[in-house]
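1. Sharing a sequence plus its predicted fold:
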Amino acid sequence: MESKRQQKVASVLQQELAAVFQRDLPHLFPGLAPGISTVRVSPDLGIARVYLSLLLVGDGEAMLELVRDSGKEIRMALAKRIRQQLRVVPALSFFLDDSAAYAAHMDQVFGGLTIPATDPNAPTDEDDSAKPTPPRPRLFADEDE
């Protein structure tokens, strides 16, 4: 479980990295800006794992390699933006966030399921009200009924 400090630093990093990708370094990613879905920070705040959402990109792996190759420049631009908030800029590790692709796959799997129709003559929970209730067990011998 992350501490509050880790969560705050991760939130700041996520916001500022998004600004770096969109405003400071748009020339590195012509036509597309990678979205930052999640940032996880180590307990010592020295390493940040950045998960990129590359839904609109045709080849996500190629874009991820481009981001990793530009990691030093991205970290320098980030340092300029957060120098008043953090003493040390964490080392950035970039990963591909495939949760959206996984969700789309699961949606496709669930969409392909065939669920049999229920029998209209089958008993329902409403029919259970007609059944008598079982007697309540006695816990103590001296209980009045």
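-> Thanks, I have it.

2. Give me the distance between His27 and Ala100.
-> Relative to Ala100, His27 is positioned 26 Å away (CB to CB, to the nearest Å). The way it works is simple: take the backbone N, C-alpha and C, and place the C-beta from them, glycine included.

3. Those two: who's more crowded?
-> Ranked by neighbour count (other CB atoms under 10 Å), His27 and Ala100 place Ala100 first, with 13 against 6.

4. May I see the buried residues of the helix or strand containing the more buried one?
-> Under the criterion of DSSP states H and E, Ala100 resides in helix 99-111. By 16 or more other CB atoms under 10 Å, helix 99-111 has no buried positions at all.

5. Dump stretch 82-92 to CSV, restricted to CA.
-> Output of stretch 82-92 as CSV, limited to C-alpha atoms (Å, rounded to 0.1, in the frame of the first residue of the first chain):
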residue,chain,number,x,y,z
ILE,A,82,9.0,20.3,-10.5
ARG,A,83,12.2,21.8,-9.2
GLN,A,84,10.2,23.8,-6.6
GLN,A,85,8.2,20.8,-5.4
LEU,A,86,10.6,17.9,-5.2
ARG,A,87,14.3,17.9,-4.2
VAL,A,88,15.2,14.9,-6.4
VAL,A,89,13.6,14.0,-9.6
PRO,A,90,12.9,10.2,-9.6
ALA,A,91,14.4,7.9,-12.3
LEU,A,92,11.6,7.3,-14.8
